[in-house]
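K.L.:
can't give you the sequence, but here's the structure:
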């Protein structure tokens, strides 16, 4: 089959690889009908996330049709079922899964001992996202093996298009969880750093949840345009001071809720801390560039909440924990517990409250995937979200 | 800025940091050039290069011209490469002052280190600019109709108020009064 394969920094190719096989009785194989490039895939493309090996198949946003089912998954799945595959692989049985904390499933990361060394405990297995999370082949391919398939799937109706459903795999529930972590009140101002795909979903989620005011911070004109379409006030951080503008929009009090949908590769031209991060990252003295976290901690209203769906990988420098502690801020973060939210979100799509397909700017074949990684990374051609059709 | 000025639009890049760096180097170039033109004797004295005041002033004129070129041109790339060449000339000239019994060798070393640092910035800037597309950017995509709300934003605003935030995701009750408008103006101190 064809698949997008990681070979090294900024080197992703569309290769021919062996078809996946059922390896465990709980497995299923799906024929991928649509998949997408996620912003977090760019951390692998740029090789800021360690743990990739040459030959790894990329991708963790996929959907398709079940073509083969292992004997222990047959009670929950059958050939022909239409499914979206969540990016977190879940067993559905461990203590964390029972609590709905699917992204920290205790069983599905087959390299859990490595994750435990890095993070103290294992986290869930993920598709196509380093050997730290199990080294599972990803879904930017014609076929995908789904481990623990009896639990790791979202059945979807035939009445909706792939484009409306695909993002249940990651970015829609990720933006939603980011907003839910804020426990939004009708009087809240929600400031969202990063108007990429997750930021766009967080904007719509905050609107759906009834925030008084949503503010999006970015510098790419098309992203700001799309954020405004979603109901956000926008701040171009290249043109104006984020802190001054946020204070102005909140009568000097700062936003109650702040969402970091940027993560480890923040671009903040001209700030001292951004230059500091660049130098430290280039000299391998820091893994992440946490400019957004610093800015959020500084500007957030006392007793407010910092919600962090953006991906961070390791050790962060110069985090103003004094501000966080003295202002009594709450930090909520984590990979998304996808299946915890998807039944509710699917209903909202069906009811027409939201149509996540608004975010798609490019649809191409799998063979054009490598080029699209670069275009997406460089924010060229108005690129916000790429869907691949294997 | 990417779409905000003709200059960056023409070069077709999305990296405003490099553009800012180029402008900064242009301003630095003019400032250094003025210093060299106005005070060549003082500089020559500090570097132990007496007798070369004319050369220093000439280099100052070169710096000013390059700086103006960077700031005034639509594409500063060739001017930044010009700075790289000038840096080489400066380093070569300073190297001659290390020979013999120059009592100001220490100052010359400091000056060379400073020039080397600026050279690194110049090379980085020139290389980054050279990698950028010389072709104009395509017109900006219009996403103003990409609302994502099939029933309109008014209908969707607050449509998920029926959602019950799970207990483990709620704001701690103790914090809630401080972020809400009905918060007590003078909360009772706890200590």
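P.N.:
Alright, I've got the coordinates. Computed from a predicted model, the values in this text were never measured in an experiment.
K.L.:
Can you report how many residues lie near residue 108?
P.N.:
This is for chain A. Using other Cβ atoms under 10 Å in any protein chain shown, residue A:108 is surrounded by 26 other residues. Backbone N, C-alpha and C define where each C-beta goes, glycine included.
K.L.:
you looked at the wrong chain, it should be chain B
P.N.:
Residue B:108 has 20 nearby residues by other Cβ under 10 Å.
K.L.:
Contact partners for it?
P.N.:
Neighbouring residues of residue B:108 by Cβ atoms under 8 Å, 6 or more residues apart in numbering or on different chains: B:47-48, B:94, B:97-98, B:102.
K.L.:
which of the residues in stretch A:262-270 are buried?
P.N.:
Using 16 or more other Cβ atoms under 10 Å in any protein chain shown as the test for burial, stretch A:262-270 gives A:262-269.
K.L.:
The longest strand seen in chain A packs against which elements?
P.N.:
Looking across chain A with DSSP state E, the single longest strand is strand A:28-37. Using 3 or more Cβ pairs under 8 Å, 6 or more residues apart in numbering or on different chains; DSSP states H and E, the elements in contact with strand A:28-37 are strand A:62-69, strand A:143-146, helix A:162-165, helix A:369-377, strand A:386-389.
K.L.:
can you rerun that using 7 Å?
P.N.:
If contacts are counted by 3 or more Cβ pairs under 7 Å, 6 or more residues apart in numbering or on different chains; DSSP states H and E, strand A:28-37 sits against strand A:62-69, strand A:143-146, helix A:369-377, strand A:386-389.
K.L.:
And those, which one averages the lowest pLDDT?
P.N.:
Ranked by mean pLDDT, the helices and strands packed on strand A:28-37 bottom out at helix A:369-377, which scores a mean of 94.
K.L.:
so how far is that helix from its chain's centroid?
P.N.:
Computed by Cα atoms, centre = their mean, to the nearest Å, the chain-centroid distance of helix A:369-377 equals 17 Å.
K.L.:
I'd like to know how far the residue most central in space within chain B sits from residue A:277.
P.N.:
In chain B, the residue lying closest to the centroid (Cα atoms, centre = their mean) is residue B:21, at 3.0 Å. Taking Cβ to Cβ, to the nearest Å as the measure, residue B:21 falls 16 Å from residue A:277.
K.L.:
Residue A:233 now?
P.N.:
From residue A:233 to residue A:277 the distance is 27 Å (Cβ to Cβ).
K.L.:
Comparing those two, which residue is more hemmed in?
P.N.:
Ranked by neighbour count (other Cβ under 10 Å), residue A:233 and residue A:277 place residue A:277 first, with 25 against 16.
K.L.:
which stretches of the stretch 251-390 of chain A have low pLDDT?
P.N.:
Scanning the stretch 251-390 of chain A with the threshold set as pLDDT under 70 gives A:269-270.
K.L.:
can you map out the strands along the stretch 201-350 of chain A?
P.N.:
A:213-218, A:233-236, A:257-260, A:305-308, A:330-333 (DSSP state E, counting those that start in this stretch).
K.L.:
want to try TSV for these, with distance to residue A:20 as columns?
P.N.:
TSV is the format used below for the strands of the stretch 201-350 of chain A (distance: least, Cβ to Cβ, whole Å):
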stretch	distance to residue A:20
strand A:213-218	37
strand A:233-236	43
strand A:257-260	35
strand A:305-308	33
strand A:330-333	32
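K.L.:
For residue B:32, which of those is the nearest?
P.N.:
For residue B:32, the closest of the strands of the stretch 201-350 of chain A is strand A:233-236, at 32.4 Å, according to Cβ to Cβ.
K.L.:
which secondary structure elements does the closest one contact?
P.N.:
strand A:213-218, helix A:221-229, helix A:242-249.
K.L.:
quick one: the shortest one to helix A:242-249, angle?
P.N.:
Per axes from the mean of the first three to the mean of the last three Cα atoms, to 10 degrees, the angle that strand A:213-218 makes with helix A:242-249 is 160 degrees.
K.L.:
repeat for the second one
P.N.:
When the same axes, to 10 degrees is applied, the directions of helix A:221-229 and helix A:242-249 differ by 20 degrees.
K.L.:
Output the contacting helices and strands for helix A:221-229.
P.N.:
Helix A:221-229 is packed against helix A:197-208, strand A:213-218, strand A:233-236, with contacts defined by 3+ Cβ pairs under 7 Å, 6+ apart.
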